[in-house]
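Give me coordinates for this.
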Amino acid sequence: MTVQKIKILNDRGEEVEAIAPVIISASRSTDIPTYFAKWFVHRFNSGKGYITWYNPFNQKPLHVSFRNTKIIVFWTKNPKPMLPYLQELDNSGVHYYFQFTLNDYYREGFEPNVPSVSNRIETFKKLSDKIGPDRVIWRFDPILFTKTLTPYEVASRIFRISKELKNYTNKLVVSFIDICNYKKVQRNLLKYSPVLASQYDTKTISSVEPTNEQIKEFCTYLKKIKDYWTERGWNLEISTCAESVDLEAFDITHNKCIDGELMLRLFGSDPELREYLTGKTSEDKMDLFEAFNENSKKVIVIKKDKGQRKECGCIESKDIGMYNTCLNGCIYCYANTSREAAQKNFKKRKEAPYAESIWLP
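From the prediction side, this is the model:
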């Protein structure tokens, strides 16, 4: 489905061309709820209602209007700064849900600038209480194993968190770290992690990427966690993100993070959104049971996002984040070249907190 192009007035009063996507991803490239919540809500609800996104490969600007936006998918490790603005988003009529990454690598220091696990669990519960468990998807990713951080240990940490999150979410999404294809990730793992630097060197760091045997062992534990909670009345779905490996034997499915079926089930009573996702108007008298049915993927007409990896199941959306702007400092970050680059770019924002773009060229 072609994204509509429209004319808008920019902050300087100039008429410019913009795209007006229905689905916004905020964002795979940086943590907007943590570091840019006030900026995002201001840009979204301001009279102009647009942002400027820069292509990371050629630095060309693209204006993105929120005029047609019906859905926002937030990605974050700490949505606490966004909580005060949720009512404002609700008042605007836009729909949204959260991909909330809640890992426990606290002892290893893999995510140095995120709050403690207990603090993030508290935030998770508050968010779920506000918007409901179906709209807060728990992510534990990426999964990595070291000489001391075994598949059993990581699964044990997931189980401990799950005991706190029971009934505050209905889905857990995991992914396995990709190291071999990312030289900057290999470099940063050794540069920023004393734990990994003490166990590996440039020749061996790629072995942190899970092997098939480790994945199977780990998923055996995940299956036990899922079965444990099913027996106790919590049907926790477990899925993988952008993974080609077939884990059906462990009752683990392939996820769609930008998920048309979920959108239809949660927000299908919105006639404009339903028409966008299914191609059917209200005159078509689409059966609401069909719209909310688990098999609703049969009626989703939005295509897979071509800009993502082939293993990714997400439907088309416009991601508005920028690389080298997140301050979480995660050692395995794909979106930052280095922590120093992110800090340098973030400092520029103090001079222009409501600028058109997250990233200031």
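
so Thr52, which of the three states?
Under DSSP: H, G, I helix; E, B strand; the rest coil, Thr52 falls in the strand class.

can you check Glu340 too?
Under three-state DSSP, Glu340 comes out as helix.

What distance do you get for it to Lys347?
Distance, Glu340 to Lys347, using Cβ to Cβ, to the nearest Å: 11 Å. To be clear about C-beta, it is placed using only N, CA and C from the backbone, and glycine gets the same treatment.

With Tyr105 instead?
In terms of Cβ to Cβ, Tyr105 sits 27 Å off from Lys347.

ditto for Trp39
Remark: distance between Trp39 and Lys347 (Cβ to Cβ) = 15 Å.

Looking at these two now, which is surrounded by more residues?
Trp39 (18 against 10; other Cβ atoms under 10 Å).

Is that one in contact with Tyr354, as I believe?
Yes: between Trp39 and Tyr354 there is a contact under Cβ atoms under 8 Å: 6.2 Å.

Quick one: mean pLDDT over the strand or helix carrying Gln87.
Taking DSSP states H and E as the definition, Gln87 sits inside helix 86-92. For helix 86-92, the mean per-residue pLDDT is 97.

which outside residues touch that helix?
The contact list for helix 86-92 (Cβ atoms under 8 Å, 6 or more residues apart in numbering) reads 41, 44-45, 72, 96, 130-131.

before we move on, what about stretch 154-168?
Identification of contacts with stretch 154-168 by Cβ under 8 Å, 6+ apart yields 102, 104, 117, 121, 124-125, 128-129, 133, 136, 138, 140, 143, 145, 172, 218, 221-222, 225, 228-229, 232, 234, 236.

Which residue lies nearest the spatial centre of this protein?
In the chain, the residue lying closest to the centroid (Cα atoms, centre = their mean) is Trp75, at 3.2 Å.

Mind checking what secondary structure that residue has?
Taking three-state DSSP as the rule, one finds Trp75 in the strand state.

which one's the longest helix in this structure?
Secondary structure of the chain per DSSP state H: the longest helix is helix 212-231.

Which strands or helices does the next helix or strand after it pack on?
Once the chain leaves helix 212-231, the next helix or strand it forms, by DSSP H and E, is strand 237-240. Counting contacts by 3 or more Cβ pairs under 8 Å, 6 or more residues apart in numbering; DSSP states H and E, strand 237-240 packs against strand 171-176, helix 212-231, strand 253-254.

ok, the first one: who's next to it in the sheet?
Yep, that's strand 171-176 we're talking about. strand 136-143 (parallel), strand 237-240 (parallel) (DSSP bridges).

what angle do it and helix 212-231 make?
For strand 171-176 against helix 212-231, the angle between stretch directions is 170 degrees (axes from the mean of the first three to the mean of the last three Cα atoms, to 10 degrees).

Kindly provide the whole-number mean pLDDT of strand 171-176.
Mean predicted confidence for strand 171-176 is 98.

Buried ones in it, by neighbour count?
Residues 171-176 are the ones in strand 171-176 that count as buried (16 or more other Cβ atoms under 10 Å).

can you list the residues that contact that strand?
Contacts to strand 171-176, defined as Cβ under 8 Å, 6+ apart, come from residues 99, 137-144, 158, 162, 209-210, 215, 222, 236-243, 255, 257.

try it again with 6 Å
137-143, 210, 237-241, 255 (Cβ atoms under 6 Å, 6 or more residues apart in numbering).

Lys318 - nearest residue in space that isn't next to it in sequence?
Among residues not flanking Lys318 along the chain, Pro21 sits closest, at 4.0 Å (Cβ to Cβ, 6 or more residues apart in numbering).

Please verify my assumption that that neighbour contacts Thr2.
No: using Cβ atoms under 6 Å, Pro21 is not in contact with Thr2; the gap is 10.5 Å.
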